[in-house]
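[1] Pasting the sequence and the predicted coordinates here, then a few questions.
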Amino acid sequence: METVDELEQKLESHKLTISLVFLVSIQEVVLSHKNEELLNKLLPPNDSRFHGKATCYANTRDAILNKINSWIEKHATDSHTPTDTPSSRLFWLYGVAGCGKSTIAASVCHIQYSRLVGSFFCKRDQDERRDAVRLFWAIAYYLARTNATYGKRLLEVLRQDDTLIDKDIETQVDRILIAPLAESDCNESTPPAFIVIDALDECTNSRTVAIHLARVLKVTSCIHFLITSRDQPDIRKALYSE
C-alpha cells in the first residue's frame, strides 16, 4: 500500500502533466489562430465558388460531363504514373461565349464536390473575381488547407515577408506557389488537388494567368486544373507551352 507522501507526489506529478498538456493545447490554439490570420491575408473568395450557380438540366451535356468526370476519376486514383505530364493534368473546356461552359463547370463542382480542393469562377464585371492576383491567392489558400507540407511552406513565406502580397504577380506566384510546391511532398499517398477555374478569359491579363497556371502544373504532379474559357489563341498557346 502506498504511503500518504507517495500519493501526494503522484498527485503533484499528475497536476504537472495536466498543466503541461493544457499549456501545449493553449499554444496550439494560439498558433492555429495566427496561421489562420496569415492565410486570411490571401482574402479567400466568398462568392466566387460554384454555390448557387445554375447546373446542367438532368440528362443534358452527358457526353462532356462523363468525359470530365472520367478524367477526374482516373487521375484521382492514378495521378503519379511515369507517363503523367503537365498537359495530362489539365482539362481545358473551350467554346464561344454563352455555350454553357460555366453551367458545365458548376455541374462538375457539384458532382465532384468531395474531390475538389476549390473553385474560382471569374467574372469580368466584379473586381475581386477578375483580379488575376486574387485567383492565385485563392489557389494558394485552397492548397494550404489540404496539403500539410505545402501549407507549412506557404506560412513560412507569409511570415517572412509582410509586403509580399503587394508585389507583382510573377513574384507572388513564384513565392507563394512555385517555390513552396517544389519543396512539398507529392507521392502516391498525397491525394491530387483538383481545382476548377471558370471563364479564364474574363480574368484580367488572362494570357499571363494562363502562363503561370502552366508553370504550376510543371512544378508538381499533385495539382490538376479544369479550366473553361473562350478559345483564344494566346490562352491556348500559354496553357500548352511544354
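    Good, I have the coordinates. Numbers count the residues shown, from 1 in each chain.
[2] For the helix or strand that contains Phe194, which outside residues touch it?
    Using DSSP states H and E, Phe194 maps to strand 193-198. By Cβ atoms under 8 Å, 6 or more residues apart in numbering, the surrounding residues in contact with strand 193-198 are 50, 72, 75-76, 101-102, 105-106, 108-109, 112, 115-122, 135, 139, 142-143, 146-147, 213, 222-228. Every residue, glycine included, has its C-beta placed from N, CA and C.
[3] Now the buried members of those residues.
    Using 16 or more other Cβ atoms under 10 Å as the burial test, the contacts of strand 193-198 include 50, 72, 75, 101-102, 105-106, 108-109, 112, 115-122, 135, 139, 142-143, 147, 213, 222-228 as buried.
[4] Output the lowest mean pLDDT helix or strand found in this structure.
    Counting by mean pLDDT, DSSP states H and E, the chain has its least confident helix or strand at helix 4-40, which shows a mean of 58.
[5] after that helix, next one along is what?
    Toward the C-terminus, helix 4-40 is succeeded by helix 62-77 as the next helix or strand (DSSP H and E).
[6] I'd say Trp92 and Ile227 touch.
    Yes: between Trp92 and Ile227 there is a contact under Cβ atoms under 8 Å: 5.1 Å.
[7] shared neighbours, those two?
    Each of Leu239 lies in contact with both Trp92 and Ile227 under the rule Cβ under 8 Å, 6+ apart.
[8] circling back to that earlier point, list the helices and strands the helix or strand just after the strand holding Phe194 packs on?
    Using DSSP H and E, the helix or strand that follows strand 193-198 in sequence is helix 206-219. Applying 3 or more Cβ pairs under 8 Å, 6 or more residues apart in numbering; DSSP states H and E, one finds that helix 206-219 contacts helix 132-144, helix 169-173, helix 179-182, strand 223-229, helix 233-239.
[9] Now distance to Leu39 and mean pLDDT too, for those, in CSV please.
    Shown next, in CSV, are the helices and strands packed on helix 206-219 (distance: least, Cβ to Cβ, whole Å; pLDDT from 0 to 100):
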stretch, distance to Leu39, mean pLDDT
helix 132-144, 6, 94
helix 169-173, 15, 95
helix 179-182, 13, 94
strand 223-229, 18, 97
helix 233-239, 28, 96
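[10] With distance to Val196 added, can I get those in CSV?
    Output for the helices and strands packed on helix 206-219, formatted as CSV (distance: least, Cβ to Cβ, whole Å):
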stretch, distance to Val196
helix 132-144, 11
helix 169-173, 19
helix 179-182, 19
strand 223-229, 5
helix 233-239, 15
